[in-house]
Each structure stands twice: as C-alpha cells, then as structure tokens.
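[1] Sequence and predicted structure below; questions after.
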Amino acid sequence: GDSVTQTEGQVALSEEDFLTIHCNYSASGYPALFWYVQYPGEGPQFLFRASRDKEKGSSRGFEATYNKETTSFHLQKASVQESDSAVYYCALGDRGTGSKLSFGKGAKLTVSP
Amino acid sequence: DPKIIQKPKYLVAVTGSEKILICEQYLGHNAMYWYRQSAKKPLEFMFSYSYQKLMDNQTASSRFQPQSSKKNHLDLQITALKPDDSATYFCASSQDWGCAETLYFGSGTRLTVL
C-alpha cells in the first residue's frame, strides 16, 4: 500500500540554522504530497501541498519540491526560529483512495535560541 | 475562532464503558474524517464521510461507530472501551471527498481508558 517514510525522528537546531526534514514516499499512482505541522496540544495544521512532479509548495518560509524520480518531498527552511519548534508530518494522498491521507511518523523539531 | 470544534478536550473512562466524542465543523465542508494518534501509531486514518454517507472505514473493530446527524457533524461512539483505545482522536474535514483533498484538523480529544 501507499506509505511515507520520514527518517528523522528528532531534529535539534539552533536559531538561524538551515532545516531539512526528509520525506520519501511509495505509491502506485501519482499521489499528492503534503506537509503538516503539529504544536503541543493542537491538531495537525496544513502547511502546503504539491500535486505534480517538480511542483514546489511553500508556506511561512518552509518549502518542498515534489520529485517523482527520487520519490521525495523534503521539507526545508533557510533560517529556523524557536517558534518553529513542533512536530512535522509528511503525508500522501492517492487519488485512488479518496481523501484518505497516509502520514509519516513525524519529525520533532526543537530549535534552541 | 476554531473552525472545527471537538468536545471534550480530555476524557477519562473506565474499561468496558462507552463514550461519545463530539465533532462539529464550521468550514462549510462536505467531507469529514476521524483519525487516531497514539504513541504506537502517529496518525492513523479511521473513517471518512461525505454528505453524511460513510465512504471509507479502516477500523477493524465494530466498537467504533461514527454518527452523523447533520452534514457538519460527525461524532464517534466507542463502546466496550479498552486501555488500548487510549489515544488522541482527531476530527478533520475537507471541502469534498475524492481526489487527495487537503484535510483540516480539530484540536483533538485525548481519551484515557483506565
């Protein structure tokens, strides 16, 4: 079945560091890819999505580019702030499965001042 | 103002009892969902509804029963509660059901079963 792999469970950075959180997917079709962010005590919040090869999604300084060749959608931010500390989830939505999103395990980002 | 309201925020239950988790959305969306989040499985899809009709059910147990009295309402009834049911349950919605729609989540109900 469709799945998303996030390799980093925890990411620890200092303010103004460059962020990369890796996301690779496995799907039989041509899925839509998403990034969500979750703060403590809240539900996941939609960051952005991309639906086709080479499309870039972005929001709040975060960005990711859909790469069909490498089956990846890595999240990046040039300069993180303490307020970016949260859990980041990559998700996949396959047009063949209605509107069910499959989520990765999440990466907990901690940014120190 | 929160657009997806889940009640209660915290819930403690005893094994074998029954609880209902409430969800209302004010985004004007036509599809609603339930997801579960626990230490074992980060975000796990349970059900999806479109115009009050069940579209997809990935929950193996019949102890979990969604109930939709109105298009913007999707409650979750859980019977014969077990400690393994302890998790945070998230309600979500999307404009429509179908083609990899963007989901918007509520803030969750944290259920603890003793």
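    All right, it came through fine. Residues are numbered from 1 along each chain as shown, chains lettered A, B, ... in the order given.
[2] As a check, name the ranges of all strands in chain B.
    B:4-7, B:10-13, B:19-25, B:31-37, B:44-50, B:53-57, B:64-67, B:75-78, B:87-94, B:104-105, B:109-113 (DSSP state E).
[3] So which residues on chain B come close to chain A?
    With Cβ under 8 Å from any Cβ of the partner chain as the criterion, chain B comes near chain A at residues B:4, B:31, B:33, B:42-43, B:45, B:48, B:55-56, B:58, B:90, B:92, B:94, B:96-108. Every C-beta, even on glycine, is put in place using the N, C-alpha and C of the backbone.
[4] a markdown table for the strands of chain B, including mean neighbour count?
    A markdown table is the format used below for those (neighbours: other Cβ atoms under 10 Å in any protein chain shown):
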| stretch | mean neighbour count |
| --- | --- |
| strand B:4-7 | 18 |
| strand B:10-13 | 14 |
| strand B:19-25 | 20 |
| strand B:31-37 | 25 |
| strand B:44-50 | 21 |
| strand B:53-57 | 14 |
| strand B:64-67 | 17 |
| strand B:75-78 | 19 |
| strand B:87-94 | 25 |
| strand B:104-105 | 21 |
| strand B:109-113 | 19 |
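[5] Using a markdown table, please lay out those strands together with distance to A:Y39 and mean pLDDT.
    Output for these, formatted as a markdown table (distance: least, Cβ to Cβ, whole Å; pLDDT from 0 to 100):
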| stretch | distance to A:Y39 | mean pLDDT |
| --- | --- | --- |
| strand B:4-7 | 15 | 96 |
| strand B:10-13 | 17 | 97 |
| strand B:19-25 | 20 | 97 |
| strand B:31-37 | 13 | 96 |
| strand B:44-50 | 20 | 93 |
| strand B:53-57 | 28 | 91 |
| strand B:64-67 | 27 | 96 |
| strand B:75-78 | 23 | 97 |
| strand B:87-94 | 13 | 96 |
| strand B:104-105 | 12 | 96 |
| strand B:109-113 | 15 | 97 |
